[in-house]
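Trainee: Just a sequence and a predicted model for now, questions to come.
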Amino acid sequence: MTVIDLSKTSIRDLNQRLHDLNGADRTNEWRITNPNGEHAIAAGLNAPINVQIDGPVGYYCGGMNKEAMITINGHCGWGVGENIMSGFIRVKGNASESVGASGVGGLIVIEGDASSRCGISMKGVDIVVTGSVGHMSAFLAQKGHLVVCGDVGPDLGASIYETIIYVQGEVGRLGADCIEKEMTPEHRENLTRLLRQAEVDAEPTRFRRYGSARKLYHFNVDHADAY
Amino acid sequence: MLAEIHRAADQGVYEIRGFGAKRSLPTFDDLVFLGASVSRYPLEGYREKCETNVTLGTRFAKKPIELKIPITIAGMSFGALGANAKESLGRAASEMGTSTTTGDGGMTEEERQSSKTLVYQVLPSRYGMNPDDLRRGDAIEVVIGQGAKPGGGGMLLGQKITERVAGMRALPQGIDQRSASRHPDWTGPDDLAIKILELREITDWEKPIYVKIGATRTSYDVALAVKAGADVVVLDGMQGGTGATQDVFLEHVGIPTLPAVRLAVEALKELDMHREVQLIVSGGIRTGADVAKALALGADAVAIGTAALVALGCNKAVHIEDYHALGTEPGYCHHCHTGLCPVGITTQEPELEARLAPEHGARLLKNYLTMMALEAQTLARACGKSHLLNLEPEDLVALTTDAAAMARVPLAGTDWIPGRGTT
Amino acid sequence: MCGIVGLFIKNPDLKNSLGRHLSEMLIGMSQRGPDSTGFAIYRGNRLDDSIKLTLFNGMSPSDWDDLAAELEIAVGVSVSLEIRSSHAMVTARCTVDDILEWFARHHPEIRVVGYGHCIEIYKEMGLPADVVGRFDLADMSGSHAIGHTRMATESAVTTEHSHPFIAASDICLVHNGSLSNHNRLRRRLQKYGMSFQTDNDSEVAARYLAYRMAEGASLREALEAALKDLDGFYTFAASTIDGFAVVRDGIACKPAVMAESDDWVAMASEYRSLAYLPGADKAKVWEPEPAVVYSWGREQTE
C-alpha cells in the first residue's frame, strides 16, 4: 500500500506517479490523504489500480479514468469521472454537478446525492445514485444507464438519445423528448444487474423507466417548442 | 428574400447550409503593404532568406509545437468531411511541416497516421473524446466556439451519420445530431482554468493547450483565455466556414476577422503576453497576402479551413451534373450539409469519396500551401523582412476608412486612424 | 471569472475568529480570482446613531489624520479613524446622506468603498493571501462577512472594478458569473436616479437590489425580483446588516456550495474553501438549487 499525503505532495507529483507506476510505485493499492478539495486528483489513470481517497475532492476527480478503481471517502466537486472510459468510481458522500459527464464506459456510484446535470452527455457509462439527482440530469444523454434511488430534479433527460433511466423516487417535470416507458422483465433484469454491480440495496420492482420519445431525431416544425 | 420567406412558410424550418458567410464583409483586401523604396531596402528573393517558422505553445507546455510555415489546417470534423479528405489534409500538412486539427467527431486513424502534427479538439459535444487520443495528439484545442456560429454547437444531419460516424460519436445511425453549445462540465473562464488544469494533468503537462473562440467580444475573450491558462489562442472570425449550421448564424453573428485580429493583439499586449501566448487567426484566409497581413497585425500564425477544401477541389467545375442535381452550380455550392459533395470532400458516400484520392488531394493542397507561403515571403521581403514574424502594423496602410478603423492602421496618404481616441 | 465566499456566525464564541476563517476561505479561492480580492465584514456592534465609512486612497497616515480633523469641523462631532493599508475606516455621528454629500463635494478624489451602521469594505488588487495580510483580516471579528476574488476582464485591473459593490447603506453584493442584460438595466436605474461608478455588470446587480429594497422589498424579495429581471448566469451572495443570502439563476451553471453547522452557515464557489472551517466534516453540505433564495439572518437565529 502506498500512502500519499497531499498536504506534503503536490497534485502534479501524485498524478505523475499514478501515471508512471515506476519502480517502487508498481503497486496496486494506493491511499491518498488530505485531499482537501483539490482538483484533478487521480485524473487520467489508466491501469487497474485501487485508489482510496480520504476526504473531499474538488473538480474532475478520476477524470478520463481507464481501468482504475477509485473510492472517494467524502464529497466530490464537479465532473467526477468525466469522460470515464472504464473502471469504477465510488463516492461515499455527495457529488457536485456533471457526474460522469460524457462518460463512455465503466461504473460510477454515488452513495449520497448528486447535483444537477448528472450524466450529462453520457456516452455509455453506467451511473447509480442512491440519493437524488438535480435538474437537467441526463441532458443530451446518448448511451448507458442512469439509476436513481431517490428523487429527480426538473427536466430529466432533456434531448435524450438512447440512454436508459431508472428512477425509484419522485420525478417532476420531464425534459424535452423524455417520457416514461414500460418496465419489461428484460429491463428489470438489467436494473438488477446494475444495482448488484453497484452494491446498492434496492428493490428493482419499485423503479420506473424513462427514455427518449425519439421525436427530435429529425427536425420537425411541429416539435419546435421542444428546442 | 421573398424566396426565403416562401421557403420558411413551406417548410417551417430554418435554412441549414455549409460554407461561410456570403454577405460582403470587410476583408484584408483593403489593406496594402508599404514596400521598400528609398528609406527601406528589400531582400533578394531565393538567396536572401525570409524565414517562415513559428513555435506555438511556449508558455507552459513541455513540448511546444514547431511549425515550418505559419499556416495551419483548422479543425474540421470527420463526419463533416470524409476519410479521404482528412487523409489528404494530413499528408499535405506533414510534407509542409505544419499541423492539422481534428474536429467535432474525434480523431481518426487516417488523420493520426497521415498528419505528423495533429491538434486534438475538446468540444462541447465530446464526441469520440478519450484519453488515449488526448495523449496521442500533439496539442489540445479547447473549443469554446467558431466564427461561423459563435454560441452554437456542432451540427451533422442524418444523411451523413453513417455506421462509422455513428460509432465514433455513440449516436444512432441516420438521425440528425443535436449538439450542446456549452461544455458539459464547465462554464466560464474561472471554471475553464480548472478544466485546463485537468487536461494538463491527464497529459502530464506535455502538450500546448489552445483555446479557440469565435470572434465576438474579442478583447474580453482573449484576456480571459489567457487568464484561464491558454498557451495559444485561436481566433476565428465571422468569415469562418462550417459543414452545416443555420444560415442566420452564418450571416448575423460574430465580427469579421479584420477587426478581431487587432482586438486580440491589443488584449495580449495589455497583458504583456503578445508572443508569450501565441495567436492563430482564421476566418476567410485565402492568399499569402492575407497571411502576411494577419502576421503584420500581430498574429503568430493563421489557420485555413474553407480555403484548404477549395484547394482539394471544392466548387471546382467538374461533375457538373452532380452540382445541378443539388440545385446549384460550381462556384455557388454550399451544400456540404447534404453529404452529396460532387468532388468527394464533405461526403460519406463511397462512390463520391472515390473522386478524391488522398495522394492527389495532398499534392493539390501542398501546392496551394507552398504558394501561400511564397506569396507571404515575397511581400515580407519587399518590406525588408528576413522573417515573416518581423512584419509589423506599420508596414500596412488602409484603402478605406472601414479597414483603417477596424485594423487600426492609417488611411493611405494620411495620419488618420478613424475611431482611435474613443473608448 | 471569480470566486465568492460568505460566512455567518451563529455561535457568538466564534465571532472573534470570523476574520481568520474568512481569510482562509478567500485564500482557497486564489486560483479562481488571482487579480483582486475584496470583502465586506460586519464588524462589532451596530451603531445606531453613527455611520461607518470605508474610504480608499493611497494617502499617508498624516494625510488621513488631516482629513479626519477637517471632517470633524465640518460635521461638528468627533470622528474616529482607523487606517488599514490603503483604506481608512471613519466613524462619525451623522447621517449617511450628509457625509456622502460632504465627500462628494469636498473630496471627490477619495473613493467611498462602503458605508452603513456596521459594514466595512476592503478591496485591493493582488492575490488573496497578500490582500488579507495587508488589511489584517485575520484580526477582525464580527457577525458575518462576504468576500470575492476576481479574475479581471477589463485591461485596467483597478480597485474600483473589484467586488464587493456597496448597493446601499450596509447592503452589498458579490457575484460570480456574467449578466447579459445589464446595460439596459443600468440605463433604467439611472433614470430612477441611481449613479454608477463603473460599467461592471455586478455593480448593476448591486444597485438593482438597492433600488428594490428602497421601494420596500426585503433582501429575499429583492433577490426574487432579480431572478426575473436579471438575465445571464450568476451566483450572488448579498449581505445586509442582519445576515446574508445566496441565489443562483435558473440555469445554474456557475458553482455554489453551502454548508451549515450548529456554529455557522457558509457558502463558497468551491468546497475547498469550506473544508477548513471548524466542524466542516460534520456539517450539512448541499448545493443551492437554481432560482431559490437561501437566506440567514439574526432574526432567524434568535
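Mentor: Everything's here; your move. Numbering: from 1, shown residues only, chains lettered A, B, ... in the order given.
Trainee: which bits of chain B sit near chain C?
Mentor: For chain B, the contact set with chain C under CB under 8 Å from any CB of the partner chain comprises B:182, B:187-191, B:193-194, B:219-220, B:223-224, B:227-228, B:267, B:270-271. C-beta coordinates here come from the backbone N, C-alpha and C atoms, glycine included.
Trainee: Narrow the residues you listed to just the buried residues.
Mentor: Neighbour counting over the residues of chain B next to chain C (16 or more other CB atoms under 10 Å in any protein chain shown) leaves B:182, B:187-191, B:193-194, B:219-220, B:223-224, B:227-228, B:267, B:271 as the buried ones.
Trainee: what about the chain, any weak spots by pLDDT?
Mentor: No chain in the question, so chain A it is. Counting by pLDDT under 70, chain A has low-confidence residues at A:220-227.
Trainee: try chain B instead
Mentor: B:420-423.
Trainee: what secondary structure does the closest residue to residue A:182 other than its chain neighbours sit in?
Mentor: With sequence-adjacent residues excluded and distances taken as CB to CB, 6 or more residues apart in numbering or on different chains, residue A:182 is closest to residue A:209, at 6.9 Å. Three-state call for residue A:209 (DSSP: H, G, I helix; E, B strand; the rest coil): strand.
Trainee: who's in contact with residue A:209?
Mentor: Residues near residue A:209 by CB atoms under 8 Å, 6 or more residues apart in numbering or on different chains: A:164, A:165, A:166, A:180, A:181, A:182, A:183, A:187.
Trainee: And the residues you listed, which two are furthest apart?
Mentor: Spanning the widest gap among the contacts of residue A:209 are A:165 and A:182, at 13.4 Å by CB to CB.
Trainee: neighbour-wise, which of the two wins?
Mentor: residue A:165 (30 against 8; other CB atoms under 10 Å in any protein chain shown).
Trainee: what's the distance between the closest residue to chain C within chain A and residue A:175?
Mentor: Chain A approaches chain C most closely through residue A:37 (2.7 Å), counting by CB to the nearest CB. Separation of residue A:37 from residue A:175 (CB to CB, to the nearest Å) stands at 31 Å.
Trainee: Around chain C, which positions in chain A sit nearby?
Mentor: A:36-38, A:55-56, A:58-59, A:75, A:77-78, A:93-94, A:96-97, A:113, A:115-116, A:134-135, A:153.
Trainee: Buried subset of those residues, written for ChimeraX?
Mentor: Buried members of the residues of chain A next to chain C, defined by 16+ other CB under 10 Å, are picked up in ChimeraX with:
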select /A:36,37,38,55,56,58,59,75,77,78,93,94,96,97,113,115,116,134,135,153
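Trainee: Show me which residues of the stretch 201-302 of chain C sit near chain B.
Mentor: So the stretch 201-302 of chain C meets chain B at C:233, C:253, C:254, C:255, C:269 (CB under 8 Å from any CB).
Trainee: just the residues you listed that are near chain A?
Mentor: Among these, chain A is touched by residue C:255 when using CB under 8 Å from any CB.
Trainee: And the strands in chain A, which stretches?
Mentor: For chain A, the strands defined by DSSP state E cover A:2-5, A:29-33, A:50-54, A:69-72, A:88-91, A:107-110, A:123-129, A:143-148, A:164-167, A:178-181, A:208-212.
Trainee: Output the fifth one as CSV - backbone C-alpha positions only.
Mentor: Included here for strand A:88-91 are C-alpha records, laid out as CSV according to Å, rounded to 0.1, in the frame of the first residue of the first chain:
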residue,chain,number,x,y,z
PHE,A,88,-15.1,2.1,-11.3
ILE,A,89,-15.5,5.2,-9.1
ARG,A,90,-17.5,5.2,-5.8
VAL,A,91,-18.2,8.5,-4.0
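Trainee: if we can go back for a sec, chain A next: which of the buried ones among the residues of chain B next to chain C are close?
Mentor: Answer for those near chain A (CB under 8 Å from any CB): B:191, B:194.
Trainee: Now intersect the buried ones among the residues of chain B next to chain C with the helices, please.
Mentor: Counting by DSSP state H, the part of these found in helices is B:189, B:190, B:191, B:193, B:194, B:219, B:220, B:223, B:224, B:227, B:267.
Trainee: give me every residue that touches the closest residue to the fourth one other than its chain neighbours.
Mentor: This points to residue B:193. Excluding its sequence neighbours, the residue lying closest to residue B:193 (CB to CB, 6+ apart) is residue B:228, at 4.2 Å. Applying CB under 8 Å, 6+ apart, we find residue B:228 in contact with B:189, B:190, B:192, B:193, B:196, B:211, C:151.
Trainee: Correct me if wrong: the third one contacts residue B:142.
Mentor: Right, residue B:192. Yes. Counting by CB atoms under 8 Å, residue B:192 does reach residue B:142; the two are 7.1 Å apart.
Trainee: anything in contact with each of those two?
Mentor: In contact with both residue B:192 and residue B:142: residue B:211, using CB under 8 Å, 6+ apart.
Trainee: For burial, what's the neighbour tally of residue B:324?
Mentor: Residue B:324 has 12 nearby residues by other CB under 10 Å.
Trainee: Let's verify it: helix, strand, or coil?
Mentor: helix.
Trainee: ok, which residues in the stretch 151-300 of chain C are in contact with chain A?
Mentor: Going by CB under 8 Å from any CB, the residues of the stretch 151-300 of chain C near chain A are C:252, C:255, C:257, C:270-276, C:285-287, C:289-290.
Trainee: and which of those is nearest chain A?
Mentor: residue C:272 (2.7 Å).
Trainee: any idea how far the nearest residue to the closest one once chain neighbours are set aside is from residue A:11?
Mentor: Leaving aside its chain neighbours, residue C:272 sits nearest to residue A:37 (2.7 Å; criterion: CB to CB, 6+ apart). Residue A:37 sits 12 Å away from residue A:11, going by CB to CB.
Trainee: Roughly how far does the residue of chain A closest to chain C sit from residue C:144?
Mentor: 22 Å.
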